[in-house]
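In: I would like to see how this sequence folds:
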Amino acid sequence: MATRPTTSAPSQRMLRVGEQVRAAITQVLQRGEVRDDVIEKTVISISEVRMSTDLKVATAFVTPLGVADHDAVIAALNRHAKYIRGRLGPQLRQMKYMPEVRFRDDTSFDNYKKIDELLRSPEVQRDLDHGDTEEK
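Out: Numbering: from 1, shown residues only. Presented below is the predicted three-dimensional model:
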């Protein structure tokens, strides 16, 4: 009897389908098919789409560019999620089920910024400089 993998890492299929869904959502937004003032006036970057293991739920991580209130844009996208799901059909014909689309704010850039600030802090620089002198 074969054992199932114990890792929670996404499968190659989940990654491939997630990228296809990301591209399809991007096309829908670029063509301006969603009629909403908040969405139409905002440049939206979709950094990643994570698929559920059964491929029925797609969680899109988005970053509204040049907008202070990300929550309003995320709420607008979630209000139109069913419409966007319906517009994905032509690009995702090969899928047995059209995934339910959910939108979430992508906070990874904020995390990268915090890490960068920490690495540039005087305390870390002092420790790094101290480590260089010990090696010599």
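In: correct me if wrong, but Arg104 is in a strand.
Out: Yes - counting by DSSP: H, G, I helix; E, B strand; the rest coil, Arg104 is located in a strand.
In: so what does the helix or strand containing Val21 touch, helix or strand wise?
Out: Element membership of Val21 [criterion: DSSP states H and E] is helix 12-30. Counting by 3 or more CB pairs under 8 Å, 6 or more residues apart in numbering; DSSP states H and E, the packing neighbours recorded for helix 12-30 are strand 43-51, strand 57-65, helix 81-87. In this view, the C-beta of every residue, glycine as well, is placed from N, C-alpha and C.
In: switch to 6 Å and redo it
Out: strand 43-51 (3 or more CB pairs under 6 Å, 6 or more residues apart in numbering; DSSP states H and E).
In: contacts for the strand it packs on, please.
Out: 14, 17-18, 21-22, 25-26, 29, 58-65, 106 (CB atoms under 6 Å, 6 or more residues apart in numbering).
In: please apply the same query to stretch 75-90.
Out: Contacts for stretch 75-90 (CB under 6 Å, 6+ apart): 24, 28, 33-34, 36, 38-39, 98, 101, 103.
In: output the residues you listed in JSON lines, with distance to Arg126, neighbour count and pLDDT appended to each entry.
Out: As requested, those are arranged in JSON lines below (distance: CB to CB, whole Å; neighbours: other CB atoms under 10 Å; pLDDT from 0 to 100):
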{"residue": "Ala24", "distance to Arg126": "49", "neighbour count": "21", "pLDDT": "95"}
{"residue": "Val28", "distance to Arg126": "50", "neighbour count": "20", "pLDDT": "94"}
{"residue": "Glu33", "distance to Arg126": "53", "neighbour count": "14", "pLDDT": "90"}
{"residue": "Val34", "distance to Arg126": "50", "neighbour count": "18", "pLDDT": "91"}
{"residue": "Asp36", "distance to Arg126": "50", "neighbour count": "14", "pLDDT": "91"}
{"residue": "Val38", "distance to Arg126": "46", "neighbour count": "18", "pLDDT": "89"}
{"residue": "Ile39", "distance to Arg126": "47", "neighbour count": "20", "pLDDT": "91"}
{"residue": "Met98", "distance to Arg126": "55", "neighbour count": "16", "pLDDT": "91"}
{"residue": "Val101", "distance to Arg126": "47", "neighbour count": "24", "pLDDT": "96"}
{"residue": "Phe103", "distance to Arg126": "42", "neighbour count": "24", "pLDDT": "96"}
